[in-house]
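1. structure for the following, please:
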Amino acid sequence: MALNQLKESAQQKGNPCIWMQAGVVPKKFCRIDYQCAACAYDRAMRRVATENRQLKEKGRIPGGKRGRIVFWKDKLRELPVWKQPCLHHMIGHIEFRSCTHDYQCANCEFDQYFSDQFAVHAVVQPVDVLDIKGFKIPHGFYLHSGHTWVKIEEGSTVRVGLDDFALRLLGPLDQIQAPLMGKQLEQDRQDISLRREDNNAKLLSPVSGVVTDINPELRERGSGADLDPYSEGWILRLHCANLRHDLKNLMIGDQAGEFIDQEVERLYEVIEETAGPLAADGGYLGDDIFGNLPQLGWQKLTGEFLRT
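-> From the prediction side, this is the model:
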């Protein structure tokens, strides 16, 4: 049955699952709007497909119905190239378009463009904000010791950004470079890059997860440094498989406030050690600390406070 006919016959029952559309299973419908990363059925099918692939690599033939399960991408690759449907067509976003990147969506310019143009970019709206010696932290936001923040959205999806302390410490950035959609980030790994003129730095990812969205401002302008860091200035969104575990390593509420308080005190110490005792008392903790006191050293500041 053709893909379009399959979709029409399934309209009364729900959206046809990707595995069903590919022909791996005869009947399965999606009821979570193709949020495959959050689907237990998808995870189970991938696990069985992986086991079958490993058996075949060892020269063994898996038996039974379970043995016929392969990755849906591999099943579609059996079709002529011009008949291999783009994932965005399969989930109902566009009319038929063939896949041109062998289902490697992370490397596909159309996938990136489509997501920028048609995805709904909800803006985080902090309600109450803590003021710690002039530095702001919204209630309900988790902080990482490398000065990134995490805001939980629906399910296991989070939004990630750079906190007020780091942005004011480093000053206006020329570029924030985030990984492409589909890439896996790991907690405490240097996955995000920053640049100010000839100075480069890395950010530690606050949680582990797959990139599902990137702030379009980063592509259009390179940086959202002039935007509110906790709303329009977010960097990316992640789907996190082990979010509960990762959150245990972050700070929230009073703990986050105490952390920022300690960081401010440490910053005063660094300023005094480098620029003298009077420098820390001249209003330098504004919006561009590095720009006002470049003698502090970019590498020293990023190593000391971004932990990279």
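2. all helices for this structure, in order.
-> Secondary structure of the chain (DSSP state H): helices at 3-10, 18-22, 40-57, 64-67, 72-76, 87-90, 109-118, 164-170, 216-221, 243-247, 254-275, 289-292, 298-305.
3. make CSV out of these and add mean pLDDT, distance to Asn200 and mean neighbour count.
-> Backbone N, C-alpha and C define where each C-beta goes, glycine included. Shown next, in CSV, are the helices of the chain (pLDDT from 0 to 100; distance: least, Cβ to Cβ, whole Å; neighbours: other Cβ atoms under 10 Å):
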stretch, mean pLDDT, distance to Asn200, mean neighbour count
helix 3-10, 49, 46, 14
helix 18-22, 95, 39, 22
helix 40-57, 91, 36, 14
helix 64-67, 89, 49, 10
helix 72-76, 95, 36, 19
helix 87-90, 88, 34, 20
helix 109-118, 65, 23, 14
helix 164-170, 94, 11, 24
helix 216-221, 70, 16, 15
helix 243-247, 91, 26, 16
helix 254-275, 92, 20, 16
helix 289-292, 92, 13, 18
helix 298-305, 96, 9, 17
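4. so which of those helices is nearest Thr100?
-> Of all the helices of the chain, the one in closest proximity to Thr100, counting by Cβ to Cβ, is helix 109-118 (7.5 Å).
5. could you dump stretch 103-112 to CSV, C-alpha only?
-> The C-alpha trace of stretch 103-112 is given here as CSV (Å, rounded to 0.1, in the frame of the first residue of the first chain):
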residue,chain,number,x,y,z
TYR,A,103,18.0,9.7,6.8
GLN,A,104,20.9,11.5,8.5
CYS,A,105,18.7,14.5,9.6
ALA,A,106,21.4,16.2,11.6
ASN,A,107,23.3,16.8,8.4
CYS,A,108,20.3,18.0,6.4
GLU,A,109,20.0,21.7,5.6
PHE,A,110,16.3,21.3,4.7
ASP,A,111,15.6,19.8,8.2
GLN,A,112,17.4,22.7,9.9
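6. who's in contact with it?
-> 73, 76-77, 84, 86-88, 97, 100-101, 180-183 (Cβ atoms under 8 Å, 6 or more residues apart in numbering).
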